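[1] Next input, structure requested:
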Amino acid sequence: MNRIETAVRESEAKHAGELVVALEAGLHLRALLRGQTPRSRALDSFSELRVWDTEHNSGVLIYLQLVDRAIEIVADRGINARVPQHDWNAICHRMEEAFKRGEFERGVLAAIDEVTALLARHFPPHGRKHDELPDRPVVL
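    Numbers count the residues shown, from 1 in each chain. Predicted coordinates:
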């Protein structure tokens, strides 16, 4: 958790975005019975954690559902206008591959690096910014 927090903090120094990593053990039985998917849970988490509520609409959520090893990346509208979904899907796929090899920390840190590169390209830092969202991974 400490390494992820440090990686998020270092990432945000390189771009104008805000990055949040959320971890959840698994979906609750009621959610499963309602047919909730990891994607819809990630979207709910994006809202609940207020990742959408940044000054420049530049929030990104990396959502990890641990039981099913489901990974979703949800980006705010300001970022989605510039970064195509297939870029996020590719990062998720590489993280899934790392998880299959048992490389959980390495997979998350590599994904943060890839998200950082995309955000630095499309949302370069502009002046001094305040940290709008927590850097510490959120356990849901």
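[2] remind me which residues of this protein are low pLDDT?
    Applying pLDDT under 70 to the chain flags the ranges 27, 29, 31-33, 35, 128-129.
[3] rerun at 90
    25-38, 40-41, 53-58, 65-70, 78, 81, 122-132, 134 (pLDDT under 90).
[4] Give the bridge partners for the residue positioned nearest the centre of it, please.
    By Cα atoms, centre = their mean, the chain has its centre lying nearest to residue 62, at 1.8 Å. When bridges are called by DSSP bridges, residue 62 pairs up with residue 21, residue 73.
[5] Which residue ranges of the protein form strands?
    Ranges of strands within the chain are 18-24, 59-65, 70-75, 138-139, based on DSSP state E.
[6] quick one, what contacts residue 1?
    136, 137 (Cβ atoms under 8 Å, 6 or more residues apart in numbering). All C-beta spots, glycine's among them, are computed from the backbone N, C-alpha and C.
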